[in-house]
Structures are given as structure tokens and as C-alpha cells.
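predicted coordinates and the sequence they were generated for:
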Amino acid sequence: MLLYNVTFGIDKQIEDEWISWMKANYIPALMETGLFTEYKMYKVLTHDDEGSVSYSVQCFSNTIDQVLKYLNDFAPALVEVHRLRFKDKHVAFNTLLEEI
């Protein structure tokens, strides 16, 4: 099992809007690719910054090929939509992990 994790740092003033948009748009588009078996979304509680809050979106996949297909064929467009929607109000980084 592989875990593709994206951690987002979001300005606090758009937090509610961002959560709603993620649940209504980003996550459904990600899951509609059929490349992930499930997802989970968590608020990062150890983040200590007065102006922002962090969230982790975790997507589970059975194979590296499925993750690579997502990254090559679907992620660029989805990342761009997110970037334009929340321009200058977020940062993001991703991590790929393998279950041991």
C-alpha cells in the first residue's frame, strides 16, 4: 500500500472556504481518477503559526504505477486549479510513502 500525502498550509482567514472547496471539488476530482482506494483529511495540530493552519490530505493507492499516473496525467491540472483559486493564500508539499 502506498500513501500519497499532500500537506497544505492555509491562511486562517480562508480556512472554512478552503475546507468546503476541498470537500466539494478537489477531493472528488482526485477520487474520480480511480487511482486511489480511499482518502483521509486531517488537521495538523502541532503546527504553531498565528496566521496559518495546516491540513494533510492522504490518498491511498495499491501500486506505484497508479500514483505515477495520477502525478503525470491528473495532478498538474488539479494543482493549477487549486493554485489559481487560493493564490498567495496557501503553500503545499507532497510526500510519497510505502507501507512496511
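Looks like it came in fine. Residues are numbered from 1 along each chain as shown.

pLDDT below threshold where in this protein?
For the chain, the stretches with pLDDT under 70 are 47-48.

would you mind measuring the gap between the ends of stretch 57-76?
17 Å (C-alpha to C-alpha, to the nearest Å).

and if you look at stretch 44-63?
Distance across stretch 44-63, first residue to last, is 27 Å (C-alpha to C-alpha).

ditto for stretch 16-28
One end of stretch 16-28 to the other measures 18 Å (C-alpha to C-alpha).

got the buried residues for the helix ranked longest in the chain?
What stands out as the longest helix in the chain, according to DSSP state H, is helix 75-85. Neighbour-count burial for helix 75-85, counted by 16 or more other C-beta atoms under 10 Å, picks out Ala75, His82. Backbone N, C-alpha and C define where each C-beta goes, glycine included.

what's next to it, contact-wise?
Here helix 75-85 makes contact (C-beta atoms under 8 Å, 6 or more residues apart in numbering) with Trp21, Asn25, Tyr26, Ala29, Leu30, His90, Ala92.

any chance of CSV for the residues you listed, columns distance to Lys69 and secondary structure?
Below are the contacts of helix 75-85 laid out as CSV (distance: C-beta to C-beta, whole Å; DSSP: H, G, I helix; E, B strand; the rest coil):
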residue, distance to Lys69, secondary structure
Trp21, 24, helix
Asn25, 21, helix
Tyr26, 18, helix
Ala29, 15, helix
Leu30, 13, helix
His90, 25, strand
Ala92, 20, strand
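
buried only: go through the residues you listed for me.
Buried subset of the contacts of helix 75-85 (neighbour count, 16+ other C-beta under 10 Å): Trp21, Tyr26, Leu30, His90, Ala92.

returning to what we had before: now, which of the contacts of helix 75-85 sits nearest Ile14?
Using C-beta to C-beta, His90 comes nearest to Ile14 of the contacts of helix 75-85, at 8.1 Å.

how close does that closest one get to Leu2?
Counting by C-beta to C-beta, to the nearest Å, the gap from His90 to Leu2 is 24 Å.

again with Ile64
Using C-beta to C-beta, one obtains 6 Å as the distance from Ile64 to Leu2.
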